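In: below: sequence and its predicted model.
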Amino acid sequence: MPLSVIRKAVLPAAGLGTRFLPATKASPKEMLPLVDKPLIQYAVEEAVASGIEDIIIVTGRGKRAIEDHFDRSFELEENLKGNKKDGMLKEVRRISELANFCYVRQPEARGLGHAVLCAQHLVGDEPFAVMLGDEVIDAPIPGLAQLIKIFQEREGSVLGVKKVPSQEVSRYGIVANRRIAPGLHRVEDLIEKPDPKQAPSRYAVIGRYVLSSDIFPILRRIPPGKNGEIQLTDALRILAKTSPMYAHEMQGQRHDAGEKLGFLKATVEFALKNPALGPPFAKYLKTLNLQRHF
(Lines give C-alpha, C1' and ligand atoms only; values in the text may rest on other atoms or scores of the structure.)
Protein backbone atom coordinates (compact mmCIF):
# COMPACT_ATOMS: atom_id res chain seq x y z
CA MET A 1 0.00 0.00 0.00
CA PRO A 2 1.28 3.51 -0.71
CA LEU A 3 2.17 5.90 2.10
CA SER A 4 -0.94 7.93 1.31
CA VAL A 5 -3.15 5.07 2.55
CA ILE A 6 -3.51 7.38 5.59
CA ARG A 7 -4.83 10.61 4.08
CA LYS A 8 -6.33 12.40 7.08
CA ALA A 9 -4.98 13.59 10.42
CA VAL A 10 -7.06 14.85 13.34
CA LEU A 11 -5.40 17.46 15.56
CA PRO A 12 -7.39 18.09 18.77
CA ALA A 13 -6.87 21.74 19.72
CA ALA A 14 -9.87 22.64 21.85
CA GLY A 15 -8.22 22.41 25.28
CA LEU A 16 -8.07 25.33 27.69
CA GLY A 17 -4.27 25.32 28.03
CA THR A 18 -4.44 25.70 31.80
CA ARG A 19 -0.82 24.61 32.32
CA PHE A 20 0.33 27.78 30.54
CA LEU A 21 -1.93 30.33 32.25
CA PRO A 22 -1.94 33.29 32.17
CA ALA A 23 -0.28 33.21 28.71
CA THR A 24 -3.17 31.15 27.33
CA LYS A 25 -5.99 33.16 28.89
CA ALA A 26 -6.77 34.82 25.53
CA SER A 27 -4.38 33.02 23.17
CA PRO A 28 -4.45 29.34 22.14
CA LYS A 29 -1.72 27.19 23.66
CA GLU A 30 -1.24 25.67 20.20
CA MET A 31 -0.07 29.08 18.96
CA LEU A 32 2.75 29.44 21.49
CA PRO A 33 5.90 30.07 19.43
CA LEU A 34 8.64 27.46 19.45
CA VAL A 35 11.41 29.78 18.22
CA ASP A 36 9.72 31.11 15.06
CA LYS A 37 6.75 28.79 14.45
CA PRO A 38 3.68 28.01 16.57
CA LEU A 39 3.56 24.58 18.17
CA ILE A 40 0.72 23.35 15.98
CA GLN A 41 2.64 24.10 12.79
CA TYR A 42 5.30 21.56 13.74
CA ALA A 43 2.61 18.86 13.94
CA VAL A 44 1.07 19.94 10.64
CA GLU A 45 4.45 19.86 8.89
CA GLU A 46 5.16 16.41 10.34
CA ALA A 47 1.79 15.19 9.02
CA VAL A 48 2.41 16.61 5.54
CA ALA A 49 5.91 15.08 5.45
CA SER A 50 4.24 11.75 6.29
CA GLY A 51 1.93 11.87 3.25
CA ILE A 52 -1.16 13.38 4.89
CA GLU A 53 -3.40 15.38 2.56
CA ASP A 54 -6.23 16.56 4.86
CA ILE A 55 -5.70 18.23 8.24
CA ILE A 56 -8.77 18.25 10.51
CA ILE A 57 -8.33 20.59 13.46
CA VAL A 58 -10.79 20.26 16.35
CA THR A 59 -11.12 23.69 17.90
CA GLY A 60 -13.16 25.46 20.57
CA ARG A 61 -14.06 28.96 21.56
CA GLY A 62 -11.17 31.41 21.46
CA LYS A 63 -9.18 29.38 18.93
CA ARG A 64 -9.74 31.54 15.85
CA ALA A 65 -6.03 32.40 15.70
CA ILE A 66 -5.32 28.82 14.58
CA GLU A 67 -7.63 29.16 11.59
CA ASP A 68 -6.16 32.55 10.70
CA HIS A 69 -2.62 31.19 10.86
CA PHE A 70 -3.25 28.55 8.20
CA ASP A 71 -5.36 30.88 6.03
CA ARG A 72 -4.20 33.40 3.44
CA SER A 73 -3.42 36.91 4.72
CA PHE A 74 -3.67 39.15 1.67
CA GLU A 75 -2.90 42.39 3.51
CA LEU A 76 0.26 40.89 5.01
CA GLU A 77 1.29 39.39 1.68
CA GLU A 78 0.85 42.69 -0.12
CA ASN A 79 2.88 44.45 2.57
CA LEU A 80 5.72 41.94 2.23
CA LYS A 81 5.55 42.11 -1.54
CA GLY A 82 5.67 45.91 -1.52
CA ASN A 83 8.67 45.89 0.81
CA LYS A 84 10.41 43.27 -1.35
CA LYS A 85 10.61 40.78 1.53
CA ASP A 86 10.40 37.86 -0.86
CA GLY A 87 11.67 35.22 1.58
CA MET A 88 9.04 36.06 4.18
CA LEU A 89 6.35 36.28 1.50
CA LYS A 90 7.21 32.80 0.25
CA GLU A 91 7.09 31.40 3.77
CA VAL A 92 3.69 32.86 4.74
CA ARG A 93 2.19 31.61 1.47
CA ARG A 94 3.68 28.16 2.04
CA ILE A 95 1.89 27.87 5.39
CA SER A 96 -1.57 28.22 3.82
CA GLU A 97 -0.66 25.74 1.07
CA LEU A 98 0.66 22.96 3.30
CA ALA A 99 -2.51 20.84 3.12
CA ASN A 100 -6.29 20.90 2.88
CA PHE A 101 -7.45 22.37 6.19
CA CYS A 102 -10.88 21.94 7.73
CA TYR A 103 -12.15 22.75 11.20
CA VAL A 104 -14.77 21.36 13.52
CA ARG A 105 -15.84 22.73 16.91
CA GLN A 106 -15.84 20.73 20.12
CA PRO A 107 -18.70 22.53 21.88
CA GLU A 108 -17.48 21.67 25.38
CA ALA A 109 -14.35 20.17 26.92
CA ARG A 110 -15.36 16.52 27.24
CA GLY A 111 -11.99 14.84 26.77
CA LEU A 112 -9.64 13.70 24.04
CA GLY A 113 -11.92 10.83 22.98
CA HIS A 114 -14.82 13.23 22.49
CA ALA A 115 -12.59 15.60 20.47
CA VAL A 116 -11.67 12.74 18.11
CA LEU A 117 -15.32 11.74 17.86
CA CYS A 118 -16.20 15.29 16.75
CA ALA A 119 -14.21 14.63 13.56
CA GLN A 120 -15.97 11.39 12.60
CA HIS A 121 -18.11 12.92 9.86
CA LEU A 122 -14.97 14.31 8.21
CA VAL A 123 -12.89 11.13 8.57
CA GLY A 124 -15.53 8.69 7.37
CA ASP A 125 -14.75 4.97 7.28
CA GLU A 126 -11.04 5.17 6.51
CA PRO A 127 -8.07 4.80 8.85
CA PHE A 128 -6.69 8.08 10.11
CA ALA A 129 -4.04 9.69 12.30
CA VAL A 130 -4.43 11.56 15.58
CA MET A 131 -1.70 14.02 16.58
CA LEU A 132 -1.39 16.05 19.76
CA GLY A 133 0.18 19.36 18.82
CA ASP A 134 2.04 19.90 22.08
CA GLU A 135 4.14 16.77 21.47
CA VAL A 136 6.97 17.72 19.10
CA ILE A 137 8.91 14.87 17.48
CA ASP A 138 12.27 15.90 16.03
CA ALA A 139 13.38 12.99 13.85
CA PRO A 140 14.99 12.32 10.44
CA ILE A 141 12.01 10.10 9.58
CA PRO A 142 8.84 11.99 10.61
CA GLY A 143 7.27 10.48 13.69
CA LEU A 144 3.90 9.92 12.06
CA ALA A 145 5.55 8.33 9.01
CA GLN A 146 7.09 5.74 11.33
CA LEU A 147 3.63 4.75 12.57
CA ILE A 148 2.13 4.69 9.08
CA LYS A 149 4.84 2.25 8.00
CA ILE A 150 3.95 -0.10 10.86
CA PHE A 151 0.23 0.25 10.03
CA GLN A 152 0.91 -0.77 6.44
CA GLU A 153 3.03 -3.74 7.46
CA ARG A 154 0.87 -5.04 10.31
CA GLU A 155 -2.61 -3.88 9.27
CA GLY A 156 -3.55 -2.79 12.77
CA SER A 157 -3.82 0.40 14.76
CA VAL A 158 -0.50 1.79 15.98
CA LEU A 159 0.38 3.96 18.98
CA GLY A 160 3.59 5.95 19.34
CA VAL A 161 5.30 5.24 22.66
CA LYS A 162 8.41 6.23 24.59
CA LYS A 163 9.90 4.58 27.66
CA VAL A 164 9.68 7.01 30.58
CA PRO A 165 11.14 6.93 34.12
CA SER A 166 8.97 5.04 36.59
CA GLN A 167 8.27 8.22 38.57
CA GLU A 168 6.65 9.76 35.47
CA VAL A 169 4.24 6.99 34.44
CA SER A 170 1.38 8.59 36.39
CA ARG A 171 1.40 11.44 33.82
CA TYR A 172 0.63 9.23 30.80
CA GLY A 173 -1.45 6.48 29.29
CA ILE A 174 0.70 3.35 29.76
CA VAL A 175 0.54 0.21 27.62
CA ALA A 176 0.61 -3.38 28.79
CA ASN A 177 2.81 -4.78 26.06
CA ARG A 178 4.30 -7.93 24.56
CA ARG A 179 7.44 -7.30 22.54
CA ILE A 180 7.27 -8.86 19.06
CA ALA A 181 10.21 -7.16 17.30
CA PRO A 182 12.91 -4.60 18.13
CA GLY A 183 11.08 -1.40 19.05
CA LEU A 184 7.66 -2.94 18.34
CA HIS A 185 5.11 -4.30 20.82
CA ARG A 186 1.67 -5.88 20.70
CA VAL A 187 -0.69 -3.85 22.90
CA GLU A 188 -2.65 -6.05 25.30
CA ASP A 189 -4.11 -3.30 27.50
CA LEU A 190 -3.77 0.39 28.37
CA ILE A 191 -4.00 2.15 31.72
CA GLU A 192 -4.59 5.89 31.97
CA LYS A 193 -2.17 7.60 34.39
CA PRO A 194 -1.55 4.61 36.67
CA ASP A 195 0.12 4.66 40.04
CA PRO A 196 3.79 3.72 39.43
CA LYS A 197 3.37 0.60 41.57
CA GLN A 198 0.47 -0.58 39.40
CA ALA A 199 1.82 0.40 35.99
CA PRO A 200 2.01 -2.56 33.56
CA SER A 201 5.14 -1.08 31.90
CA ARG A 202 7.04 2.16 31.44
CA TYR A 203 5.94 2.62 27.82
CA ALA A 204 3.95 5.84 27.60
CA VAL A 205 1.68 6.84 24.72
CA ILE A 206 3.05 10.15 23.45
CA GLY A 207 0.43 11.78 21.26
CA ARG A 208 0.80 10.00 17.91
CA TYR A 209 -1.78 7.44 16.77
CA VAL A 210 -2.80 5.72 13.54
CA LEU A 211 -6.25 4.28 14.11
CA SER A 212 -8.91 2.24 12.40
CA SER A 213 -12.29 3.92 12.02
CA ASP A 214 -13.58 1.11 14.27
CA ILE A 215 -12.67 3.43 17.14
CA PHE A 216 -15.68 5.68 16.42
CA PRO A 217 -18.55 3.35 17.42
CA ILE A 218 -16.59 2.51 20.57
CA LEU A 219 -16.21 6.20 21.43
CA ARG A 220 -19.95 6.66 20.93
CA ARG A 221 -20.96 3.98 23.39
CA ILE A 222 -18.39 4.15 26.20
CA PRO A 223 -19.45 6.01 29.36
CA PRO A 224 -17.51 8.98 30.67
CA GLY A 225 -14.33 7.96 32.47
CA LYS A 226 -11.76 9.88 34.48
CA ASN A 227 -12.82 13.48 35.22
CA GLY A 228 -16.20 12.77 33.63
CA GLU A 229 -14.64 12.87 30.14
CA ILE A 230 -14.74 10.54 27.15
CA GLN A 231 -11.25 9.10 27.35
CA LEU A 232 -9.51 7.93 24.18
CA THR A 233 -7.54 5.46 26.30
CA ASP A 234 -10.76 3.73 27.39
CA ALA A 235 -11.80 3.27 23.75
CA LEU A 236 -8.34 2.03 22.78
CA ARG A 237 -8.54 -0.62 25.51
CA ILE A 238 -11.68 -2.04 23.94
CA LEU A 239 -10.27 -1.80 20.40
CA ALA A 240 -7.12 -3.66 21.47
CA LYS A 241 -9.27 -6.57 22.67
CA THR A 242 -11.09 -6.92 19.36
CA SER A 243 -8.40 -6.21 16.74
CA PRO A 244 -4.60 -6.08 16.54
CA MET A 245 -2.98 -3.00 18.04
CA TYR A 246 0.70 -2.17 18.16
CA ALA A 247 3.01 0.18 20.04
CA HIS A 248 6.02 1.56 18.21
CA GLU A 249 8.94 3.07 20.10
CA MET A 250 9.27 6.41 18.34
CA GLN A 251 12.68 7.15 16.91
CA GLY A 252 13.95 10.71 17.38
CA GLN A 253 13.89 13.37 20.04
CA ARG A 254 10.51 13.84 21.65
CA HIS A 255 9.68 17.13 23.36
CA ASP A 256 6.72 17.44 25.73
CA ALA A 257 6.05 21.09 24.92
CA GLY A 258 2.68 20.94 26.67
CA GLU A 259 4.29 21.70 30.02
CA LYS A 260 6.51 24.64 30.88
CA LEU A 261 9.83 22.91 31.48
CA GLY A 262 9.45 20.77 28.36
CA PHE A 263 8.57 23.85 26.34
CA LEU A 264 11.67 25.67 27.57
CA LYS A 265 13.89 22.68 26.76
CA ALA A 266 12.40 22.43 23.27
CA THR A 267 12.95 26.14 22.72
CA VAL A 268 16.64 25.83 23.55
CA GLU A 269 17.07 22.71 21.38
CA PHE A 270 15.33 24.21 18.34
CA ALA A 271 17.06 27.56 18.75
CA LEU A 272 20.47 25.87 18.73
CA LYS A 273 19.52 23.96 15.56
CA ASN A 274 18.36 27.10 13.76
CA PRO A 275 21.00 28.01 11.11
CA ALA A 276 20.69 31.75 11.72
CA LEU A 277 20.12 31.79 15.48
CA GLY A 278 22.10 28.74 16.57
CA PRO A 279 25.70 30.10 16.56
CA PRO A 280 24.98 33.44 18.29
CA PHE A 281 22.59 31.77 20.75
CA ALA A 282 25.19 29.13 21.64
CA LYS A 283 27.73 31.90 22.14
CA TYR A 284 25.31 33.72 24.44
CA LEU A 285 24.66 30.59 26.49
CA LYS A 286 28.38 30.13 27.02
CA THR A 287 28.64 33.64 28.45
CA LEU A 288 26.03 32.99 31.12
CA ASN A 289 27.24 32.52 34.63
CA LEU A 290 24.81 29.72 35.37
CA GLN A 291 25.88 29.54 39.00
CA ARG A 292 24.12 32.83 39.71
CA HIS A 293 20.77 31.24 38.83
CA PHE A 294 20.96 28.53 41.48
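Out: Received it, and whenever you're ready, just let me know what you need.

In: confirm Leu16 sits in a strand?
Out: No - Leu16 is assigned coil when assessed by DSSP: H, G, I helix; E, B strand; the rest coil, not a strand.

In: ok, it to Asn177 distance?
Out: 32 Å (C-beta to C-beta, to the nearest Å). Glycine gets a C-beta too; all of them are placed from N, C-alpha and C.

In: Pro279 now?
Out: 42 Å.

In: between the two, which one's more packed in?
Out: Between Pro279 and Asn177, counting by other C-beta atoms under 10 Å, Asn177 is the more crowded of the two (21 against 11).

In: the residue nearest to the spatial centre of the chain: what's it in contact with?
Out: The centre of the chain sits closest to Leu132, judged by C-alpha atoms, centre = their mean, with a distance of 2.4 Å. Contacts for Leu132 (C-beta atoms under 8 Å, 6 or more residues apart in numbering) come out as Leu11, Pro12, Ala43, Gly207, Arg208, Gly258.

In: do Met245 as well
Out: Gly156, Ser157, Val158, Leu159, Arg186, Val187, Leu236, Leu239.

In: name the nearest residue to it, sequence neighbours excluded.
Out: Distance criterion C-beta to C-beta, 6 or more residues apart in numbering; nearest residue to Met245, sequence neighbours excluded, is Val187 at 4.2 Å.

In: that neighbour belongs to a strand?
Out: Yes - Val187: assigned to a strand according to three-state DSSP.

In: how much space between it and Arg221?
Out: Val187 is 20 Å from Arg221, by C-beta to C-beta.

In: quick one: which of the two has more around it?
Out: A direct count of neighbours by other C-beta under 10 Å for Val187 and Arg221 places Val187 higher, at 25 against 9.

In: which helix is the longest one in this protein?
Out: helix 260-273 (DSSP state H).

In: what residues does that one touch?
Out: By C-beta under 8 Å, 6+ apart, the list of residues contacting helix 260-273 reads 19-20, 32, 34-35, 136, 138, 253, 255-257, 277-278, 281-282, 285.

In: the next helix-or-strand element following it - contacts with which helices or strands?
Out: Sequence-wise, the next helix or strand downstream of helix 260-273 (DSSP states H and E) is helix 278-287. Secondary-structure packing of helix 278-287 (3 or more C-beta pairs under 8 Å, 6 or more residues apart in numbering; DSSP states H and E): helix 260-273.

In: pull the distance from the helix it packs on to the chain's centre.
Out: 16 Å (C-alpha atoms, centre = their mean, to the nearest Å).

In: for it, which residues meet the burial criterion?
Out: Gly262, Phe263, Ala266, Thr267, Phe270, Ala271 (16 or more other C-beta atoms under 10 Å).

In: next: stretch 174-192.
Out: Ile174, Val175, Ala176, Asn177, Leu184, His185, Arg186, Val187, Glu188, Leu190, Ile191, Glu192.

In: nearest to Ile150, of the residues you listed?
Out: Leu184 (6.7 Å; C-beta to C-beta).

In: give the contact list for the closest one.
Out: Ile150, Tyr246, Ala247, His248, Glu249.

In: which of these fall within strands?
Out: Mapping the contacts of Leu184 onto strands (DSSP state E) picks out Tyr246, Ala247, His248, Glu249.

In: how near is the first one to Asp189?
Out: Translated: Tyr246. 13 Å.

In: tell me where the stretch 1-150 of the chain has helices.
Out: All helices of the stretch 1-150 of the chain, identified by DSSP state H, counting those that start in this stretch, fall at 39-49, 64-69, 74-82, 86-96, 112-117, 120-123, 143-154.

In: residues near Lys37, how many?
Out: 16.

In: quick check: it vs Met31, distance?
Out: On the measure of C-beta to C-beta, Lys37 and Met31 end up 10 Å apart.

In: check Glu249 too.
Out: From Glu249 to Met31 the distance is 30 Å (C-beta to C-beta).

In: which one's more surrounded, the two?
Out: Per other C-beta under 10 Å, whichever of Glu249 and Met31 has more neighbours is Met31, with 20 against 16.
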